[in-house]
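# give me a 3D structure for the following:
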Amino acid sequence: MATEGKLSGEMNAENHPPRIASIDALRGFNMFFITGGSMLITGICTALGRSDALIATQMKHVDWIGFAHHDTIFPLFLFLAGVSWPFSLASQLNRGRSVWSIQLKVLARVVALFLIGLSFGGILKFNPNFRLMSVLGFIGLSWGMAATLSLYIKKVWKLFAIAVAFLVGYYLLLHFCMAPGAPEGASSYSLQWNFPAFLDRSVWPNHLLSKGRYDPESFFSVPGGIALAMFGVLAGRLLRWQNGPSSARKSILLAAWAGGAAVAACVFEFVLGDPSIKKLWTPTFVLYSATYALAMLALFHWIVDVLGWRRWTIVFDPVGKNSLLAYILSMVRISATIQGFLFAGLCKWADKWGSALTGLTSYLVVWSILYFFKQKKIFLKV
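Numbers count the residues shown, from 1 in each chain. Model prediction:
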């Protein structure tokens, strides 16, 4: 295996792709917030009598319109899936795999993610009203389309143009189409009258997270997810560019791209009237998410891969390398069960600090399991 964190594009004898340490660290940092980190932060604020502190309010999703840090977790995970794809693609091509076989593998991954998502939605419980879409299903469809496009389209500007076309087309759908029967003056971005929710209610009303109303991972919101995944692919291509800019310049370019995404987000929101709504994956939300994702990737890449400060990444690296397993451990509450068995009494004894301690020990349980898996070189992939 090539030394972790090196930016060399060369493959070793086994043709494994080089790993960029900053990507694993950032992915682990992202997962930290849904495996105990958010509870730790809000618990500390509550214990200090500052439950209304800005950082505490950022640890939960906004109800509809707006943007909070907690809204970045899902998009950043999808973005990083896109970042990793150029490295995986190069590895497969170097092993002599055909484009068609790679395409089949992409489709298999999409199906696997979708099926895992269906299991979380209740299909294995033989619930006739199982949820059709899911976080993993949305990631699978969005990443799968972005990976497929990048498999056949080599020109960077063409991929960028397609991502922009997805955003603009989706904006036109959201802005100018409305559910039938909407009263005069109704907003096409409202929960009741937006067009994706109307399509969901028309096609599969009994298979939504909010039965008969809407689904925050709607199949019809996937264009926003595809655009974000494609931005991730473009960032991954930059990082893998062997004869291009230096590592330091790559960090600077990523930061500059973040600035460009921020400007574009402001144009969509304040000029074109497109609000930031996570549950619709509006273009403004996608661009704010891209701003955050690119800025964080630039920061982690600069610290970890350019400056070489890597020892601290042990806090996040095991989780980042096995992020899908971390997500599953949380979803099926295996980590919560272990945390409760080991630390419930201690957290109760901690009194007002109990919530913070619960968050900390929850993450420690996940980290310990995945550190063990890392040592055994066991990684869950689909």
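
# what's the least confident helix or strand in this structure, going by average pLDDT?
Ranked by mean pLDDT, DSSP states H and E, the helix or strand of the chain with the weakest confidence is helix 323-331, at a mean of 93.

# I'd say residue 50 and residue 43 touch.
No. The criterion here is CB atoms under 8 Å, and residue 50 misses it with residue 43 at 11.3 Å. C-beta coordinates here come from the backbone N, C-alpha and C atoms, glycine included.

# now the residue nearest the centre of the chain: closest residue in space, sequence neighbours ignored.
Most central in the chain under CA atoms, centre = their mean is residue 77, positioned 2.1 Å from the mean C-alpha point. Leaving aside its chain neighbours, residue 77 sits nearest to residue 30 (6.0 Å; criterion: CB to CB, 6 or more residues apart in numbering).

# the one you found sits in which helix or strand?
Secondary structure assigned from DSSP states H and E places residue 30 in helix 21-32.

# can you give me the angle that helix makes with helix 323-331?
Helix 21-32 runs at 10 degrees relative to helix 323-331, counting by axes from the mean of the first three to the mean of the last three CA atoms, to 10 degrees.

# just the mean pLDDT for helix 21-32, thanks.
Averaging pLDDT along helix 21-32 gives 96.

# and the next helix or strand past it?
Next along from helix 21-32, by DSSP H and E: helix 38-47.

# what residues sit buried inside the next helix or strand after that following helix?
Of the helices and strands lying after helix 38-47 in sequence (DSSP H and E), the nearest is helix 54-57. Using 16 or more other CB atoms under 10 Å as the test for burial, helix 54-57 gives residue 56.

# which strands and helices sit next to helix 54-57?
In terms of contacts (3 or more CB pairs under 8 Å, 6 or more residues apart in numbering; DSSP states H and E), helix 54-57 is packed against helix 38-47.

# how close does residue 77 get to residue 297?
Distance, residue 77 to residue 297, by CB to CB, to the nearest Å: 13 Å.

# send the alpha carbons of stretch 128-141 over as PDB?
Provided in PDB are the C-alpha atoms of stretch 128-141 (Å, rounded to 0.1, in the frame of the first residue of the first chain):
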ATOM      1  CA  PRO A 128     -46.400  -2.500   3.300                       C
ATOM      2  CA  ASN A 129     -45.800   1.200   3.900                       C
ATOM      3  CA  PHE A 130     -42.000   0.900   3.900                       C
ATOM      4  CA  ARG A 131     -40.000   4.000   3.100                       C
ATOM      5  CA  LEU A 132     -38.700   3.800  -0.400                       C
ATOM      6  CA  MET A 133     -35.900   6.500  -0.400                       C
ATOM      7  CA  SER A 134     -33.200   6.900   2.300                       C
ATOM      8  CA  VAL A 135     -30.000   8.600   3.000                       C
ATOM      9  CA  LEU A 136     -28.000   5.700   1.500                       C
ATOM     10  CA  GLY A 137     -30.400   5.400  -1.400                       C
ATOM     11  CA  PHE A 138     -30.000   9.100  -2.200                       C
ATOM     12  CA  ILE A 139     -26.200   8.800  -2.000                       C
ATOM     13  CA  GLY A 140     -26.200   5.800  -4.200                       C
ATOM     14  CA  LEU A 141     -28.300   7.400  -6.900                       C
END
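
# what does it rub up against?
If you take CB atoms under 8 Å, 6 or more residues apart in numbering as the criterion, stretch 128-141 is touched by 74, 77-78, 81, 109-114, 116-118, 120-123, 204, 206-209, 211, 215, 217-219, 221-222, 225-226, 327.

# list the buried ones in that stretch?
Buried, per 16+ other CB under 10 Å, within stretch 128-141: 130, 131, 132, 133, 134, 135, 136, 137, 138, 139, 140, 141.

# and the third one, what helix or strand is that in?
Put plainly, it is residue 132. Residue-wise, residue 132 maps onto no helix or strand under DSSP H and E.

# pLDDT weak spots in this protein?
For the chain, applying pLDDT under 70 flags the ranges 1-19.

# residues touching the residue located most distally from the centre of it, list them.
Farthest-out residue of the chain from its mean C-alpha position, per CA atoms, centre = their mean: residue 184, at 36.8 Å. Applying CB under 8 Å, 6+ apart to residue 184 gives no contacts.

# host element of it?
Assigned by DSSP H and E, residue 184 belongs to no helix or strand.

# just residue 357 next, same as before
Secondary structure assignment for residue 357, by DSSP H and E: helix 354-375.

# from the chain's centroid, how far away is stretch 308-315?
Chain-centre distance of stretch 308-315: 22 Å, with CA atoms, centre = their mean, to the nearest Å.

# what are the buried residues along it?
For stretch 308-315, by 16+ other CB under 10 Å, it's 310, 313.

# contact partners of that stretch?
For stretch 308-315, using CB under 8 Å, 6+ apart, the contacting residues are 5, 21, 24, 25, 28, 303, 304, 367.

# now do the contacts for the third one.
Yep, that's residue 24 we're talking about. Contact analysis of residue 24 by CB under 8 Å, 6+ apart lists 4, 313, 316, 317, 320, 321.

# can you lay out those residues as JSON lines showing secondary structure?
Formatted as JSON lines, the contacts of residue 24 follow (DSSP: H, G, I helix; E, B strand; the rest coil):
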{"residue": "4", "secondary structure": "coil"}
{"residue": "313", "secondary structure": "helix"}
{"residue": "316", "secondary structure": "coil"}
{"residue": "317", "secondary structure": "helix"}
{"residue": "320", "secondary structure": "helix"}
{"residue": "321", "secondary structure": "helix"}
